[in-house]
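Asks: Got a sequence here, can you build the structure:
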Amino acid sequence: MKLKFWFKTALYLLIPGGYGYPRYLRRYYDSVYVHERDKHAVRKKHHGTEGWKEQKNGNVAYRDYNDYAEYVTHQQQKFEEILRIEGGFSNKVIVSYRLKFYRRFKLLHQLIPRTACIVCAGARQGTEVEVLRDLGFSNAYGIDLNPGPENPFVRWGDFMHMDNKTSSVDLVYTNCVDHVFNLNEFFAEHARVIKPDGYVLYDLSLDVKSSRGSFETVCWESEEDIFLIMLRYFKMIVRLENEEGWKWILLRGKKLENRE
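Replies: Predicted coordinates:
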């Protein structure tokens with residue numbers, strides 16, 4: 001399985017114009033698109049560091065949405081803009097993400113079977129799903145508010161309101177914790193869908209506490225603030241590691257009788 005991962009990574013690196021689904025997305029590059037002229041109306045409110053609530057919730061700050069529909073519309077614009085401005089991600093970016101996801105997932109077979117149900121939440125074009133499948137996890141799939149056109153890896157879905165049955169998923173992965181509408185509701189939903197003693201794997205950007213980007217929806221003072229919220233919903237931290245720009249945390253769910 002690792003050979004398949006490395007072979008496809010080489011294809012992404014070497015073939016001009018990309019390979020596979022990312023190559024297909026190149027056709028959505030729009031040479032006449034001008035962002036300031038053509039951007040969605042919601043981006044006039046939410047841009048740069050603008051559009052945040054003045055008052056924090058403890059050590060956590062949230063973006064100032066009028067309602068949930070505005071949140072959804074805003075989040076959908078990120079991939080839309082990437083497609084129109086760049087035609088998707090470059091070969092270099094895709095390879096960098098493939099290597100990052102490989103480092104996250106290469107030991108998962110020690111925890112869950114390769115038949116496991118894995119949901120990648122906020123997966124956008126689905127590079128993490130493709131890496132999981134390359135490593136033999138054939139039942140991995142992604143969900144996103146904007147999965148893009150004809151995506152073979154990601155379907156439409158909302159990680160705040162997942163359509164999975166309670167206790168039906170072996171592992172939830174996301175690197176979009178800084179894009180959630182409400183942290184408590186987000187973690188509670190993932191705790192609901194994972195199996196008893198199932199897992200969640202979260203990638204946390206270390207830039208969150210110092211940066212309020214155009215699409216981030218929540219920021220915090222320190223990772224410890226987030227860990228304390230997570231531990232309300234999950235039994236234990238299994239693994240915690242740092243890497244340049246990121247901190248990733250693997251947690252295990254509570255047994256069914258301990259769930260609210």
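Asks: Of all the residues in the lengthiest strand in the chain, which ones are buried?
Replies: The longest strand of the chain (DSSP state E) is strand 194-205. Of the residues in strand 194-205, Ile194, Lys195, Gly198, Tyr199, Val200, Leu201, Tyr202, Asp203, Leu204, Ser205 count as buried by neighbour count, 16 or more other Cβ atoms under 10 Å. The C-beta positions use only the backbone N, C-alpha and C, and glycine is treated the same way.
Asks: Among the residues you listed, find me the one that's closest to Lys4.
Replies: Lys4 lies nearest to Leu201 out of these, by Cβ to Cβ, at 21.3 Å.
Asks: So Met1 sits against Gly136, correct?
Replies: Yes. The pair Met1 / Gly136 is scored as a contact, 4.2 Å apart, by Cβ atoms under 8 Å.
Asks: I'd like to know how many residues surround Arg27.
Replies: Neighbourhood size, Arg27 [other Cβ atoms under 10 Å]: 10.
Asks: what's the answer for Glu128, then?
Replies: 29.
Asks: Residues contacting whichever strand or helix holds it, please?
Replies: Assessed by DSSP states H and E, Glu128 sits inside helix 127-134. Applying Cβ atoms under 8 Å, 6 or more residues apart in numbering, the contact partners of helix 127-134 are 1, 4-5, 8, 20-21, 89, 94, 97-98, 101-102, 105, 108, 118, 120, 123, 140-142, 153-154, 173, 175.
Asks: Filter those residues down to the buried ones.
Replies: Looks like the contacts of helix 127-134 have 5, 8, 21, 89, 94, 97-98, 101-102, 105, 108, 118, 120, 123, 140-142, 153-154, 173, 175 buried, using 16+ other Cβ under 10 Å.
Asks: Where does the prediction get shaky in this structure?
Replies: 208-211, 255-260 (pLDDT under 70).
Asks: ranges for the helices of the stretch 1-150 of the chain?
Replies: Here the stretch 1-150 of the chain has its helices, by DSSP state H, counting those that start in this stretch, at 2-14, 20-25, 35-38, 68-86, 91-105, 127-134.
Asks: Out of those, which is closest to Ile229?
Replies: Short answer: helix 68-86, nearest of the helices of the stretch 1-150 of the chain by Cβ to Cβ, at 18.8 Å.
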